[in-house]
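Structure for this input, please:
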Amino acid sequence: MRKTRVELWTAEWEVMFEREKEALQCIFPSAEIHHIGSTSVKHIGYAKPIIDILLVVDDMQKAEVSCEGMKGLGYMSRGENGIAGRRYFIKGGDERTHHVHLYEDGNQQIKKHLLFKQYLQEHTDDARQYGELKFELQRRFPHNTHDYQNGKEAFVNNVMQKAEQWDEEKG
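Alright, predicted model coming up:
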């Protein structure tokens, strides 16, 4: 059973991302690769120690062939895993270290991930509140990752609405 573990933010997560980015670029040389999720935003303060990576490819059909190389890096494919147009990979089994979210350029989820990150980087109060919520939820639901995720949903949706409005206002 997976345990929900939230830790104090550390610069080591940036190092882990850069290492994994290099490895992924060998498999997907023309892809855009972004560090996303809570480990990519220092102001959140707390995160599950799992590096989330956004991988953007020009052509999903061509990328499908390269996806076989993910096994060699220790990833397991989860297919779309509930999000149409995504290919989702996990590394580390029950002690996960990385998640890769692969999308074809133009998918609306790409902008959402990047906008969410950018908004939290620039709105530190919201970022800190998110970190505090994550810490509280892992305390309440240490053995139930689904309740942990569900507990964040309303906050994340609210921040996403604020981020979209902020993005429209800045043009």
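
residues near residue 80, how many?
The tally of other residues near residue 80 (other C-beta atoms under 10 Å) stands at 10. All C-beta atoms are positioned from the backbone trio N, CA, C, and that covers glycine.

so where's the chain shaky on pLDDT?
By pLDDT under 70, the low-scoring segments of the chain are 1.

which residues of it fall in helices?
Using DSSP state H, the helices of the chain run over residues 12-27, 60-66, 69-72, 108-122, 124-140, 145-170.

Same list (the ones you listed) but as JSON lines, adding mean neighbour count and distance to residue 81.
Formatted as JSON lines, the helices of the chain follow (neighbours: other C-beta atoms under 10 Å; distance: least, C-beta to C-beta, whole Å):
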{"stretch": "helix 12-27", "mean neighbour count": "15", "distance to residue 81": "18"}
{"stretch": "helix 60-66", "mean neighbour count": "13", "distance to residue 81": "15"}
{"stretch": "helix 69-72", "mean neighbour count": "14", "distance to residue 81": "14"}
{"stretch": "helix 108-122", "mean neighbour count": "16", "distance to residue 81": "12"}
{"stretch": "helix 124-140", "mean neighbour count": "17", "distance to residue 81": "21"}
{"stretch": "helix 145-170", "mean neighbour count": "13", "distance to residue 81": "13"}
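
quick one: residue 52 and residue 39 touch, right?
Yes: between residue 52 and residue 39 there is a contact at 6.7 Å, judged by C-beta atoms under 8 Å.

which of the two has more neighbours?
residue 39 (24 against 21).

Not counting its neighbours along the chain, what's nearest the more buried one?
residue 13 (4.0 Å; C-beta to C-beta, 6 or more residues apart in numbering).

these two touch, right, that neighbour and residue 51?
Yes: contact criterion C-beta under 8 Å: residue 13 and residue 51 qualify, at 6.1 Å.

intersection of neighbour lists for these two?
When contacts are counted by C-beta atoms under 8 Å, 6 or more residues apart in numbering, residue 13 and residue 51 have residue 39 as shared neighbours.

ok so, going back, residue 99: which of the helices of the chain is closest?
helix 12-27 (10.5 Å; C-beta to C-beta).

That closest one packs against which elements?
On a contact count with 3 or more C-beta pairs under 8 Å, 6 or more residues apart in numbering; DSSP states H and E, helix 12-27 meets strand 32-36, strand 51-57, helix 69-72, strand 98-104.

try it again with 6 Å
Helix 12-27 sits against strand 32-36, with contacts defined as 3 or more C-beta pairs under 6 Å, 6 or more residues apart in numbering; DSSP states H and E.

Just the C-alphas of the strand it packs on, formatted as PDB.
What follows is strand 32-36, C-alpha atoms only, in PDB (Å, rounded to 0.1, in the frame of the first residue of the first chain):
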ATOM      1  CA  GLU A  32      10.000  20.100 -24.600                       C
ATOM      2  CA  ILE A  33      10.600  19.000 -21.000                       C
ATOM      3  CA  HIS A  34       9.200  20.900 -18.000                       C
ATOM      4  CA  HIS A  35       9.400  20.400 -14.300                       C
ATOM      5  CA  ILE A  36       5.800  20.800 -13.000                       C
END
